[in-house]
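Participant: structure, please.
(chains A and B)
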Amino acid sequence: DTGVSQNPRHKITKRGQNVTFRCDPISEHNRLYWYRQTLGQGPEFLTYFQNEAQLEKSRLLSDRFSAERPKGSFSTLEIQRTEQGDSAMYLCASSLGDTDSEKLFFGSGTQLSVL
Amino acid sequence: DAKTTQPNSMESNEEEPVHLPCNHSTISGTDYIHWYRQLPSQGPEYVIHGLTSNVNNRMASLAIAEDRKSSTLILHRATLRDAAVYYCILRDSMFSGGYNKLIFGAGTRLAVHP
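Facilitator: Below is the predicted model:
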């Protein structure tokens, strides 16, 4: 069990550029979540995948955001035409959805800075 | 989702017990109480969860009030490595989606002094 892996750890980009983040969940986990966290706040839910199906998207996920999990394994989160307000930590979590009280395992996140 | 209320910050000395409170007066009968913590520069990590009875694991204990309107996370002997933000979260087991969409608040920032 190598844990949830996120790459890159840090990303600095200029406003208007596109960025893509990758999340590799724990291998047998069928559920995958993306969260966003700004300084001093708790993580905010963005989207949820069960296997390859994206089953929920938060209203926080504007049209500039898209997430995929093509084979039910790794996932990518793309932000198009980045804005300064997109600067945040983007967290990925995975779980094995077999109980009512499942535990989420989080990665260390990708810190995005939009200049 | 039912709301939780936690103090913004708390302090403790190393090797002393720490009691982190959480109020959840609007909790429903199907809400599990989850605790996660977030160390600096890390993602949140699971600590403990419970429904009605007190729970113990190697990391902490969870004491749940009889009316379930409040709970307390207990760290028996704080270490410097326990300095983190602690989140108390209610998770509805009857949520129709069936998955564990955790809604985080701002949590309690715990400082541990040597």
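Participant: enumerate the residues of chain B near chain A.
Facilitator: Residues of chain B lying close to chain A by C-beta under 8 Å from any C-beta of the partner chain are B:32, B:34, B:36, B:41-46, B:49, B:51, B:85, B:87, B:91, B:93, B:97-107. From N, CA and C alone the C-beta is placed, and that goes for glycine too.
Participant: mind listing which of those residues are in strands?
Facilitator: B:Tyr32, B:His34, B:Tyr36, B:Glu45, B:Tyr46, B:His49, B:Val85, B:Tyr87, B:Arg91 (DSSP state E).
Participant: thinking again about what came up before, using PyMOL, define a selection of the buried residues within the residues of chain B next to chain A.
Facilitator: PyMOL command restricting the residues of chain B next to chain A to the buried ones, with burial defined by 16 or more other C-beta atoms under 10 Å in any protein chain shown:
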select buried, chain B and resi 32+34+36+43+44+46+49+85+87+91+99+100+101+102+103+104+105+107
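Participant: on that earlier part again, tell me the one of the ones in strands among the residues of chain B next to chain A nearest A:Leu115?
Facilitator: Closest approach between these and A:Leu115, by C-beta to C-beta: B:Val85, at 27.1 Å.
Participant: what sits up against the helix-or-strand element of chain B with minimal mean pLDDT?
Facilitator: Every helix and strand in chain B was compared by mean pLDDT, DSSP states H and E; the lowest is strand B:84-92, with a mean of 92. With C-beta atoms under 8 Å, 6 or more residues apart in numbering or on different chains as the contact definition, strand B:84-92 has outside contacts at A:42, A:101, B:1-4, B:6, B:20, B:22, B:24, B:27-28, B:30-40, B:44, B:47, B:49, B:71, B:73, B:100, B:102-105, B:107-110.
Participant: then stretch B:15-30?
Facilitator: Contacts of stretch B:15-30 (C-beta under 8 Å, 6+ apart): B:2-7, B:10, B:12, B:31, B:33, B:35, B:68-79, B:82, B:86, B:88, B:90, B:92-94, B:108, B:110, B:112.
Participant: hmm, A:Lys71 is touching A:Glu52, no?
Facilitator: Yes - counting by C-beta atoms under 8 Å, A:Glu52 is a contact partner of A:Lys71 at 6.3 Å.
Participant: those two: who's more crowded?
Facilitator: Shown here are A:Lys71 and A:Glu52; by other C-beta atoms under 10 Å in any protein chain shown, A:Glu52 has more neighbours (14 against 9).
Participant: what's the neighbour count on B:Asn57?
Facilitator: Around B:Asn57 there are 11 residues (other C-beta under 10 Å).
Participant: and the closest residue to it other than its chain neighbours, what are its bridge partners?
Facilitator: In this structure, B:Asn57 finds its nearest non-sequential neighbour in B:Ile48, 5.5 Å apart by C-beta to C-beta, 6 or more residues apart in numbering or on different chains. Beta bridges link B:Ile48 to B:Trp35 when assigned by DSSP bridges.
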